[in-house]
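Novice: Give me coordinates for this.
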Amino acid sequence: MNRRLFLGTLAAVLAAPANAAAVAPRSVRTRPGLYEFVFARLRYDSGDWDYNPKVCANVLDAVVQYTNIPVYQHEVVITADSDELTAYPFLFMTGHKLVRFSDRERHGLIRFVENGGLLLSDDCNHDIDGLYAKSFEAEMLKAFGPAGAMPRLPNSHALYRSFFRFPDGPPQTSHELNGWGDDLVHDYLRGIEQQDRLGVLYSNKDYGCEWDYDWRNKRFRARDNTRFAVNIVVYAMT
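Specialist: You can find the predicted model right below:
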């Protein structure tokens, strides 16, 4: 489903305040409903695409907790060359290792972005010189040409005010200074704009590991670190 088809139905939903009531539990179904947010994960053969398995449940919990957006309760795993990829407005990609796409997969990602989809690519190495970073960036240049250089997003970008406000840009993660990666706090995200919309959001901050915990443990945290995920979801669906 094209992201823009969500606009009419979800305009009022997305305007709900942060303390809006949670969506009521629903019975388990095998396919998503027409207007539900679906957490889709990209499967690619060259790397560890299935790392951080709890991210989906935690992000969906945040969407339910803070908004009235209906959600599909299960993660959908899909490949870049699938004919069904453009049915989803959001696609999550993560890993530590090599990123290599076939021509068919690369064209599938281009079609996904041009159709209004948002790919969130999160480097688990949180390292600008790591294997994931270098190979993913090379793939984006192959796919999107000069736009694939992925310039830094300014702190004024709509992403940082699509629901919660992050005036200083992307929130930092506890994993950025854990002794791995490049030992830097990255105060920026990068991306590819298509038709005045963000089509690829690229992170060296390791949000995947930051959000990879049981959603029930949020009650032990002084501040919910998945709030930024809500901004990404809302941006993807408007």
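Novice: How about the secondary structure of Cys209?
Specialist: Per DSSP: H, G, I helix; E, B strand; the rest coil, the local secondary structure of Cys209 is helix.
Novice: so what's it up against?
Specialist: Neighbouring residues of Cys209 by C-beta atoms under 8 Å, 6 or more residues apart in numbering: 52, 124, 173, 175. Using the backbone N, CA and C atoms, a C-beta is placed for each residue, glycine as well.
Novice: Which pair in these has the greatest spatial separation?
Specialist: Within the contacts of Cys209, Asn52 and Thr173 form the most distant pair, 12.2 Å apart (C-beta to C-beta).
Novice: pLDDT weak spots in this protein?
Specialist: For the chain, residues meeting the criterion pLDDT under 70 lie at 1-34, 179.
Novice: the longest helix in it is where?
Specialist: The longest helix of the chain (DSSP state H) is helix 131-144.
Novice: what does that one rub up against?
Specialist: By C-beta under 8 Å, 6+ apart, the residues outside helix 131-144 that reach it are 46-47, 95-101, 106, 109-110, 113, 121, 123-125, 127, 148-150, 192, 200, 202, 204.
Novice: Counting neighbours, which of the contacts of Cys209 comes out on top?
Specialist: Cys124 (24 neighbours; other C-beta atoms under 10 Å).
Novice: Quick one: residues contacting it.
Specialist: By C-beta under 8 Å, 6+ apart, the contact list for Cys124 reads 51-52, 94-96, 132, 206, 208-209.
Novice: Save the residues you listed as JSON lines, and put in distance to Gln65 too.
Specialist: Formatted as JSON lines, the contacts of Cys124 follow (distance: C-beta to C-beta, whole Å):
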{"residue": "Tyr51", "distance to Gln65": "24"}
{"residue": "Asn52", "distance to Gln65": "20"}
{"residue": "Thr94", "distance to Gln65": "22"}
{"residue": "Gly95", "distance to Gln65": "27"}
{"residue": "His96", "distance to Gln65": "29"}
{"residue": "Tyr132", "distance to Gln65": "30"}
{"residue": "Asp206", "distance to Gln65": "23"}
{"residue": "Gly208", "distance to Gln65": "20"}
{"residue": "Cys209", "distance to Gln65": "21"}
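Novice: Filter those residues down to just the buried residues.
Specialist: 51-52, 94-96, 132, 206, 208-209 (16 or more other C-beta atoms under 10 Å).
Novice: from those residues, which single one is nearest Asn155?
Specialist: Asn155 lies nearest to Asp206 out of these, by C-beta to C-beta, at 19.9 Å.
Novice: Surely the closest one and Thr173 touch.
Specialist: Yes - counting by C-beta atoms under 8 Å, Thr173 is a contact partner of Asp206 at 5.5 Å.
Novice: intersection of neighbour lists for those two?
Specialist: Joint contacts of Asp206 and Thr173 (C-beta under 8 Å, 6+ apart) are His126.
Novice: Good, wrapping up.
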